[in-house]
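Chemist: with the sequence up front, the predicted model follows.
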Amino acid sequence: MTPRPLWIPPALQREIPHLAAFFPDCAVLPEGAPCPDGALIAGEGAAAFHEGPWVAPRFHDVKRAVGLVVPGLPGPVHADDDRLDAAARAALPFSRFVDPFHAKPCSLAEALDTLSLWRATVTENRGIGAFLYMAVWQRREIARAFGHDQGHAPFFLRTRAALAEGNGALLAWASKLRPEAERAAKMPVWRVEDGFIRSVGLGVYFAPAASLTLDPIGMHYDAERPSRLEKILAETVFSPALLARAAALRAEILRLNVTKYNVGGAAPPLPATPGRKRLLVVGQVEGDASIKYGAGEVRTNLGLLKAVRAAAPDAFIIWKPHPAVETGQRRGYLPPDLAAQFADLVLPQGDIGSLFGQVDGLHTLTSQAGFEALLRGLPVTCWGRPFYAGWGLTEDREVVARRQRFLTLDQLVAACLILYPRYQDPMTGLPCTPELLLERLGDATAWPSPPLFWRGYRLVEKLFGRVQLGLRQISLLAR
């Protein structure tokens, strides 16, 4: 039987760009084609629809339908689900469901998973009364990530103006939030920072973050006080299904060799070092909040390199500077000749992911690279107190007395990559799962280029960074 043609009005195509996927039993006419006699017209007659019990929330300027009730056309047969109320059960025979991230039909359970994620996220978003310290280039993504049907909270750069808003929680960029501002706030203070699988590219070059960590207690990098992540790690009863999901997620990260920034290309193969253990030592931005609040006795890149050499005098040590430091725009620069006094090899270029399979262990202060090394089964020594230390999976030179629980690697992954962060699809701008983000990391077309103004500004920033790096190299600017 020939499928009945379906014509979608241009306005609907713009409003619901994946609308055709809701009508897989119809022959959807190409965009711009005239409407022939006898065709179904989306939104009218037998093809009239509404979201009904499947209504999806809006995130500022972004909305995608997940389920439609089409009374004139039967929907596919769906299995029952205990999450359905009476209205949803009544609508089910005429309901059609679509995965909005791939624009293809999906099951009832998959649709409910998406709606549950979105509804929980937007409910939390409605509690935000003001944004503080968000950079101008971040605001579009922040507005979507923390927006709702009425738009989004106002942005402020001045602390006093934000504190005067007094309508809901104050959401502040954590590394810029001063303790005195937090003490002065009369409303709840929530903190936000980049997540652990961030993007393709660096924040210093205006690559938007596709994952964010929202914390109303503290912040994951601040070992001096508890955080929401620490609470999750210490108290969660991890179900077998969650642990299975964490194991699959970790396997996919290893298959794709994903890291936080995913930049720089492959590092060169390491030389043969017969009889010598190869240790990767990773540098950090020395002005970073994780150093300020998580480092111990050793607090600098040079201090770390010296400490590792003293602890492992016979090892082959590879020094990997932080990519943001190498742009010249962040502190922590270590001249190669100075690094070479304690390291056998200095590798400023290349993505760190290509080094994990070539080394026998990793040493760090508080870098997330230690977490990424744990995912790959490498021994990790922490000279500071990062979020993944103190749970029985690392060799710790500093102690966080609050952390008394011993965790498995999959429990750590479940907490840090599934339960704690938020994820935002770079293609649609909508909340998504970590699994979808991993898929997008393998698709270069999923990551939109920044607007022309920011691309030009980025070129200026790169040039300025090179000047700064040159000044750091000759000690005319603080390293």
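Modeler: Okay, I see it.
Chemist: strands along the stretch 351-479 of the chain, start to end?
Modeler: In order along the chain, the stretch 351-479 of the chain carries the following strands (DSSP state E, counting those that start in this stretch): 361-364, 380-382, 395-396, 421-424, 431-432.
Chemist: out of those, flag the one nearest L29.
Modeler: strand 431-432 (30.3 Å; C-beta to C-beta). Every C-beta, even on glycine, is put in place using the N, C-alpha and C of the backbone.
Chemist: average pLDDT across that closest one?
Modeler: When pLDDT is averaged over strand 431-432, the result is 97.
Chemist: likewise stretch 182-202?
Modeler: 84.
Chemist: just stretch 443-460 next, same as before
Modeler: Stretch 443-460 comes out at a mean pLDDT of 62.
Chemist: does the residue positioned nearest the centre of the chain have beta-bridge partners, and which?
Modeler: With distances taken as C-alpha atoms, centre = their mean, the residue of the chain nearest its centroid is S211 (1.8 Å). Per DSSP bridges, the residues bridged to S211 are Y423.
Chemist: returning to what we had before: with mean neighbour count as extra columns, can I get the strands of the stretch 351-479 of the chain in TSV?
Modeler: Formatted as TSV, the strands of the stretch 351-479 of the chain follow (neighbours: other C-beta atoms under 10 Å):
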stretch	mean neighbour count
strand 361-364	24
strand 380-382	23
strand 395-396	16
strand 421-424	24
strand 431-432	24
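Chemist: where does pLDDT dip in the stretch 151-300 of the chain?
Modeler: Applying pLDDT under 70 to the stretch 151-300 of the chain flags the ranges 199-207, 261-265.
Chemist: what about A33, distance to D25?
Modeler: Using C-beta to C-beta, to the nearest Å, A33 is found at 19 Å from D25.
Chemist: what's the answer for T433, then?
Modeler: Counting by C-beta to C-beta, the gap from T433 to D25 is 28 Å.
Chemist: who's more crowded, the two?
Modeler: Neighbour totals were compared for T433 and D25, and T433 leads with 17 against 14 (other C-beta atoms under 10 Å).
Chemist: and the pLDDT for the closest residue to that one other than its chain neighbours?
Modeler: Of all residues not flanking T433 in the chain, Y423 sits nearest, at 6.3 Å (C-beta to C-beta, 6 or more residues apart in numbering). Per-residue confidence (pLDDT) for Y423: 96.
Chemist: in this structure Y423 contacts L436, no?
Modeler: Yes: at 7.2 Å, Y423 counts as touching L436 under the criterion of C-beta atoms under 8 Å.
Chemist: thought the residue nearest to the centre of the chain was touching L437?
Modeler: Yes: counting by C-beta under 8 Å, S211 touches L437, with 6.6 Å between them.
Chemist: common neighbours of these two, please.
Modeler: 197, 423 (C-beta atoms under 8 Å, 6 or more residues apart in numbering).
Chemist: with distance to T159 as extra columns, can I get the strands of the stretch 351-479 of the chain in CSV?
Modeler: Putting the strands of the stretch 351-479 of the chain into CSV (distance: least, C-beta to C-beta, whole Å) gives the following:
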stretch, distance to T159
strand 361-364, 33
strand 380-382, 33
strand 395-396, 36
strand 421-424, 24
strand 431-432, 29
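Chemist: for A143, find the nearest of those.
Modeler: Using C-beta to C-beta, the nearest of the strands of the stretch 351-479 of the chain to A143 is strand 421-424, at 11.2 Å.
Chemist: kind regards, and thank you for your time.
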